[in-house]
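> based on what follows, work out the 3D shape:
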Amino acid sequence: MGNTDTIRDIENNIREISARWAIWGELSLTSAIHLGRGDGDIVDMELIHDKISGYPLLTGATQAGALRSYLLDCLKGYRVEEEKGSKVSQLFGGTRCDDQGGQSPLIVYDSIGAFSEAEIRDGVRLDSKTGLADNKAKYDFEVWPKGTIFPLRFDLLISKKEKEDELLRLLCLALAGLENGEILLGAKKSRGLGACRVIKWRAMRYDLTIAKGWLNWLKSPVSPLHLLYAPDHLEIKNAIKHLYPSFTKPTIEDKRSSFKAEVELNLQGGILIRSAGTRVDDPDHSHLTSAGEPIISGTSLAGAMRARALRITKLFKKEDLVEKLFGPKSQHLKNPYASRLIVSESVIQDSKPIRLNRVKIDRFTGGTVDGALFDEQPAYGGTAKVTFTIIEPKDEEIGLILLLIKDLITGDMTVGGTSGVGRGVFKGEFKELVLNKESFDPTIPEGRKILNEFVTAFSSKGGN
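Alright, predicted model coming up:
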């Protein structure tokens, strides 16, 4: 067993393995996540659970799919179809239609999260003309809250020593997406759900060309317990380099194209994104919270922006831009596609809930309507930072989003319900604008000039 030649494949159809890496990461949700199993009995979209413990379950298939997609985006650009024999397939195996493709050397384990109580969200599609909910467009779904922890486990099998460097570089590049918070998991990713970040890494390498390496591997449990004494690292590249000193950080030309605008919003008065209560003494309507904190959901913000975008684009006869950017309204298309606009879910800092009693007034008599007394609990005051990201943007699309953000930060566009009584109004400012990783300052003349060029591209007759 001490000789590499004793472990062979090819003629004997045995997979050669010269080394095995075990990598553990602690994944923390920075927004709520929906890891669904389809239709449910209690809510329309239920979560999947571990059948034994009932705890949150993040499947290896979900992780592997997100990592593969992220790596391909970095190497080829957003939503470029993967070619047979690509670099990505070296790590994740052949594509679905590649009959000659190899098996993935990367094993991604299911993860059972820390105990967390599921939250229920209400969803609704708005009518762009009336601003009210579309008929039969109301639904609800479950999410795991922000702060839920998932222990991740990846095993990388090295068949030949000369392939180790390349596989480690590809793996490091993919896992760095989890480390940097650039990979979103689960459903409704374009509306702020599934944001996460790995906060620490541990790694172990087993040399399977020697007997000691095999024995150490065979004696190790499948759980992350055998990594308990491995040192913590904030970056995956350092966790690898600690055990493999010759490892160098991968350097590639990032082919992704995007525009990002980070905006700081100051709530003027109250906001009420309705959330159903779960206790007897809860008000009839409460503002939406996640992990006990009031939030602005990406779905509510994007819904308000879409309705306003339809009104703006109609003036310029460019209504087709809305579906190209926000995604199709119908979910039953033959070839559906996702929104290219990603709106983050944001916590409202320094906000206070205030419980209020309201009553419905009879418009003819001016008196109260019998049985129409209700109470609600909006969130009042506070600030929030929201990020808008367009992938593969065109100049006219950036111009449209800038006009929508302008309406939002000047208080002309409201978010949430009960806007008729003055709720959901914000004032704000741009904090950061980034185009293809190059930032520019909108408060200086050069930055304002760039903004005006984007708006002009949208408002021009031909567009871009």
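> give me the beta-bridge partners of the residue positioned nearest the centre of the chain?
For the chain, the residue nearest the mean C-alpha position is Leu184 (3.0 Å; C-alpha atoms, centre = their mean). On the basis of DSSP bridges, Leu184 is bridged to Ala195.
> what distance do you get for it to Ser439?
Between Leu184 and Ser439 the computed distance is 22 Å (C-beta to C-beta, to the nearest Å). For the C-beta atoms, the positions are set from N, CA and C on the backbone; glycine is no exception.
> same check on Gly94?
If you go by C-beta to C-beta, the gap between Gly94 and Ser439 works out to 39 Å.
> show me the contact partners of stretch 242-257.
Contact with stretch 242-257 is made by 73-78, 80, 164-165, 168-170, 172-173, 203-205, 231, 233, 237, 240-241, 391-393, 436-437, as judged by C-beta atoms under 8 Å, 6 or more residues apart in numbering.
> how far off centre is that stretch?
Centre-to-centre, stretch 242-257 and its host chain are 23 Å apart (C-alpha atoms, centre = their mean, to the nearest Å).
> rewinding a little: can I have the buried ones of the contacts of stretch 242-257 as a ChimeraX selection?
In ChimeraX, this line selects whichever of the contacts of stretch 242-257 come out buried by 16 or more other C-beta atoms under 10 Å:
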select :73,74,75,76,164,168,169,170,172,173,203,204,205,233,237,240,241,391,393
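> in strands only, show me the contacts of stretch 242-257.
Among these, the members found in strands (DSSP state E) are 203-205, 391.
> could you dump the residues you listed into a markdown table with distance to Lys255 and pLDDT added?
As requested, these are exported to a markdown table (distance: C-beta to C-beta, whole Å; pLDDT from 0 to 100):
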| residue | distance to Lys255 | pLDDT |
| --- | --- | --- |
| Ala203 | 28 | 92 |
| Met204 | 33 | 90 |
| Arg205 | 31 | 91 |
| Ile391 | 12 | 94 |
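> quick one: which of those residues is nearest to Lys189?
Ile391 (11.3 Å; C-beta to C-beta).
> show me the residues around the closest one that make contact.
Contacts of Ile391 (C-beta under 8 Å, 6+ apart): 78-79, 256-258, 340, 342.
> try it again with 10 Å
73, 77-79, 190, 256-260, 338-342 (C-beta atoms under 10 Å, 6 or more residues apart in numbering).
> most neighbours, which of those?
When neighbours are taken as other C-beta atoms under 10 Å, the top entry among the contacts of Ile391 is Leu341 (26 neighbours).
> list the residues that contact it.
Applying C-beta under 10 Å, 6+ apart, the residues near Leu341 are 190-191, 259, 298, 302, 305-306, 309, 324-327, 388-391, 393, 397, 400-401, 404.
> now, those residues that are in strands?
Mapping those onto strands (DSSP E) picks out 259, 388-391.
> pick out the most distant pair among these.
Phe388 and Ile391 (11.3 Å).
> overlap in contacts, the two.
Here Phe388 and Ile391 share the contacting residues 259-260, 341-342, scored by C-beta under 10 Å, 6+ apart.
> tabulate those (JSON lines), appending pLDDT and distance to Glu46.
Formatted as JSON lines, the shared contacts of Phe388 and Ile391 follow (pLDDT from 0 to 100; distance: C-beta to C-beta, whole Å):
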{"residue": "Phe259", "pLDDT": "95", "distance to Glu46": "35"}
{"residue": "Lys260", "pLDDT": "95", "distance to Glu46": "33"}
{"residue": "Leu341", "pLDDT": "95", "distance to Glu46": "27"}
{"residue": "Ile342", "pLDDT": "95", "distance to Glu46": "25"}
